[in-house]
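*Asks:* quick check, what structure comes out for this input:
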Amino acid sequence: MTSGRVLHVSYDGLLEPLGEAQVVPYVEGLARHGFEIGVLSFEKPEHLADLSRCDAMGLRLSASGVAWRARRYHKRPAVPATLLDVAVGAGEILRWSRRCRAPRLLHLRGYVPGLMGLLGGRQRGTKVVFDTRSFMVDERIQSGMWAAGSAVARAARTIERRLLSTADAVAVVSRAGARRLPTLAGGTALTKIRVIPPCVDLERFRPAENHAARKAELGFPPSPVIVHSGALSTWYLAEYTFQVGMEFARRSGGSFLVLTHETEFARSLNTRLGAAAIVRSVEHADMPRWLGACDAGLAVVRPDPAKQGSMPVKLGEYLACGLAAAATACVGDVEQHLDGSPVALVFDPRSELPEELARRLLAAAARPDRAVAARALAERLYSLAHGVEAYAALYEELLSCAA
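*Replies:* The predicted structure follows:
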């Protein structure tokens, strides 16, 4: 096995649910493959102030042989704050290069880390993986955050083309996204493209051994529970989600559970719609326990064209825990992944009424083979072991060329 220094740069904090789910398990797995891994992440001030959580994460990573450097994330004012973080990240990459005799591979997770890598300089012989995760420029324009012809959008397009055309490899989470890459790269031929969907640690996320006992443990009656986990704002259709959840609960006599850190927004919506949802904020480490009490899960993403370049992380987590699931069509490879599954439904929120989706999802959740079928789908499509192997093979290929 080729051994090499790898610096993984993430703008998602490792103390955030997304970073804990989609960065930490990967770098731990890659370290077990023999790669010398360092991680640079940007953490929210309130998380850095929680010294016990920082220490616990540091010890966890150190036990796996992963070196972690956490810097403060700045939020406002948006553009100056991001530029400040980019400057800090570029400086960290440069210092890391000098201190560690230059990392042989830079893994840049997203556009902001990509810009850090461009400004931080590329040492001779260092290979670069640009891991898009989503198409940020498309998302900002289609959401109305940026005007298509604005100076910031034009500058971002230029950076995007540079990132794609200069990287030694580009990783995307969907085949639909991979098909868009040549256009975004300005016609440049990309030699190495890897499609690696968001994966799930199947050892942690698994069906409860005793589903009824888990419900009772968390205070739920025996009737069905439908869940939405994670963010509700920005790319999610929160009102539609609540309408499906409340209709599912009404039809089944069960419960609608919302697991989110956006509790104020969720409770406001809950009150306005009279959804009678149970709103909780739980740490990602405790998510498998809560999902183990549920029967169905929702991933209601806005079906914007930009979302072809992303995939909902929660979908794999639901399936791994044996839940029936419903996910928006036209998002990443959702339609291809779930095609023909009796327990994983695809829908279009622009044409399917919430009560109809609730009816279909309740029928899927009631299937006696639901947990087995959902788990099998997660094992086939979203296994963390498969994702780590894919990244490890890419690292090996690039490092062998640099040797």
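
*Asks:* my guess is Pro303 contacts Glu335. True?
*Replies:* No. Between Pro303 and Glu335 there is no contact under Cβ atoms under 8 Å: 10.9 Å. C-beta coordinates here come from the backbone N, C-alpha and C atoms, glycine included.

*Asks:* common neighbours of these two, please.
*Replies:* Ala329 (Cβ atoms under 8 Å, 6 or more residues apart in numbering).

*Asks:* so between the two, which is more surrounded?
*Replies:* Between Pro303 and Glu335, counting by other Cβ atoms under 10 Å, Pro303 is the more crowded of the two (18 against 14).

*Asks:* you'd agree that one is in a helix?
*Replies:* No. Going by DSSP: H, G, I helix; E, B strand; the rest coil, the assignment for Pro303 is coil, not a helix.

*Asks:* give me the neighbour count for the closest residue to it other than its chain neighbours.
*Replies:* Spatial nearest neighbour of Pro303, chain neighbours left out: Cys330 (4.2 Å); criterion: Cβ to Cβ, 6 or more residues apart in numbering. Look at Cys330: counted by other Cβ under 10 Å, it has 17 neighbours.

*Asks:* show the average pLDDT along the longest helix seen in the chain.
*Replies:* Longest helix in the chain by number of residues (criterion: DSSP state H): helix 78-99. The average pLDDT within helix 78-99 is 89.

*Asks:* can you tell me the strand partners of the helix or strand immediately after it in the chain and which way each runs?
*Replies:* Moving toward the C-terminus from helix 78-99, the next helix or strand (DSSP states H and E) is strand 105-109. If you go by DSSP bridges, strand 105-109 pairs up with strand 5-10 (parallel), strand 127-131 (parallel).

*Asks:* turn those strands into CSV, columns for mean pLDDT, distance to Ile37 and mean neighbour count.
*Replies:* Shown next, in CSV, are the strands paired with strand 105-109 (pLDDT from 0 to 100; distance: least, Cβ to Cβ, whole Å; neighbours: other Cβ atoms under 10 Å):
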stretch, mean pLDDT, distance to Ile37, mean neighbour count
strand 5-10, 94, 5, 25
strand 127-131, 95, 13, 23
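
*Asks:* now the strands: where do they sit in this protein?
*Replies:* 5-10, 36-43, 67-72, 105-109, 127-131, 169-172, 193-195, 225-229, 255-259, 278-280, 296-299, 324-328, 344-347 (DSSP state E).

*Asks:* in JSON lines, list the ones you listed along with distance to Gly91.
*Replies:* Below are the strands of the chain laid out as JSON lines (distance: least, Cβ to Cβ, whole Å):
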{"stretch": "strand 5-10", "distance to Gly91": "12"}
{"stretch": "strand 36-43", "distance to Gly91": "11"}
{"stretch": "strand 67-72", "distance to Gly91": "10"}
{"stretch": "strand 105-109", "distance to Gly91": "14"}
{"stretch": "strand 127-131", "distance to Gly91": "18"}
{"stretch": "strand 169-172", "distance to Gly91": "25"}
{"stretch": "strand 193-195", "distance to Gly91": "29"}
{"stretch": "strand 225-229", "distance to Gly91": "36"}
{"stretch": "strand 255-259", "distance to Gly91": "37"}
{"stretch": "strand 278-280", "distance to Gly91": "39"}
{"stretch": "strand 296-299", "distance to Gly91": "38"}
{"stretch": "strand 324-328", "distance to Gly91": "40"}
{"stretch": "strand 344-347", "distance to Gly91": "45"}
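
*Asks:* sweet, I'm off.
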